[in-house]
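Engineer: Next come a sequence and a model predicted from it.
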Amino acid sequence: RKEVEQDPGPFNVPEGATVAFNCTYSNSASQSFFWYRQDCRKEPKLLMSVYSSGNEDGRFTAQLNRASQYISLLIRDSKLSDSATYLCVVNPNDYKLSFGAGTTVTVRA
Amino acid sequence: GAVVSQHPSWVICKSGTSVKIECRSLDFQATTMFWYRQFPKQSLMLMATSNEGSKATYEQGVEKDKFLINHASLTLSTLTVTSAHPEDSSFYICSANSRGLAGLTGELFFGEGSRLTVL
């Protein structure tokens, strides 16, 4: 089983729509969780960390469910510029990060 | 914010040649840098952890004699793909922790990536 699994999508949504997707992780001892955004042929960039209580950053909301070992990302009022691949990143130990393969989101006009 | 610079961005080489990729932390010292490889539509896979002043730690399945890593200073790590073959064609990305610690207590910043194509 992969350490981090994501629905690859793609999620095709119109501007203004809400889109949400999950990521599951296998190591129950994982302590840190992140969502990174990766544009085509570019390096990943941190979108937001995911905190136990859930957190929001503008139109983006991240949730963590330790019991079921998944994190989620919700994007409200989607913009064209939100089109990207969203990588779920889990820190299972002190220095290694485990990356999901990414969920592709395409926002259309 | 902290910046990691990677060079070259693109490289095309003939099979059998060696290619060196540089990763620099521009405004912070990174005692540890990480090298990843990403094939199309796949996860970033950690290849090795580069430690300043000591030998790199390679992940299982990654050939240390093929992927030579040198972390000679606190701001520079290099990855050399020796005797490259077409199957080595991939997107290679380095990263460093902004606090320069082995532990991930800060945001991980990525280089721009190097796209290697081996003919």
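Structural biologist: Happy to help now that I have it.

Engineer: quick one, strands of chain A?
Structural biologist: Along chain A, counting by DSSP state E, strands occupy A:4-6, A:11-14, A:19-25, A:32-38, A:45-50, A:55-57, A:60-65, A:70-75, A:84-91, A:98-99, A:103-108.

Engineer: What I need now is the ones you listed written out in TSV, including distance to chain B for each item.
Structural biologist: All C-beta spots, glycine's among them, are computed from the backbone N, C-alpha and C. Below are these laid out as TSV (distance: least, CB to the nearest CB, whole Å):
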stretch	distance to chain B
strand A:4-6	7
strand A:11-14	15
strand A:19-25	11
strand A:32-38	6
strand A:45-50	5
strand A:55-57	14
strand A:60-65	15
strand A:70-75	15
strand A:84-91	5
strand A:98-99	4
strand A:103-108	9
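
Engineer: So what pairs up with residue 38 in the strands?
Structural biologist: In the absence of a named chain, chain A is used. Taking DSSP bridges, one obtains residue A:85 as the residues bridged to residue A:38.

Engineer: Oops, wrong one, chain B.
Structural biologist: With DSSP bridges as the criterion, residue B:38 is bridged to residue B:44, residue B:91.

Engineer: Residue A:61 now?
Structural biologist: In this entry, residue A:61 is beta-bridged to residue A:56, residue A:74, by DSSP bridges.

Engineer: can you pull the contacts of it?
Structural biologist: Taking CB atoms under 8 Å, 6 or more residues apart in numbering or on different chains, we find residue A:61 in contact with A:54, A:55, A:73, A:74, A:76.

Engineer: now the strands of chain A as a markdown table including mean pLDDT?
Structural biologist: Formatted as a markdown table, these follow (pLDDT from 0 to 100):
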| stretch | mean pLDDT |
| --- | --- |
| strand A:4-6 | 93 |
| strand A:11-14 | 96 |
| strand A:19-25 | 96 |
| strand A:32-38 | 92 |
| strand A:45-50 | 90 |
| strand A:55-57 | 93 |
| strand A:60-65 | 96 |
| strand A:70-75 | 96 |
| strand A:84-91 | 92 |
| strand A:98-99 | 88 |
| strand A:103-108 | 96 |
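
Engineer: Out of these, which is the most enclosed?
Structural biologist: strand A:84-91 (a mean of 24; mean count of other CB atoms under 10 Å in any protein chain shown).
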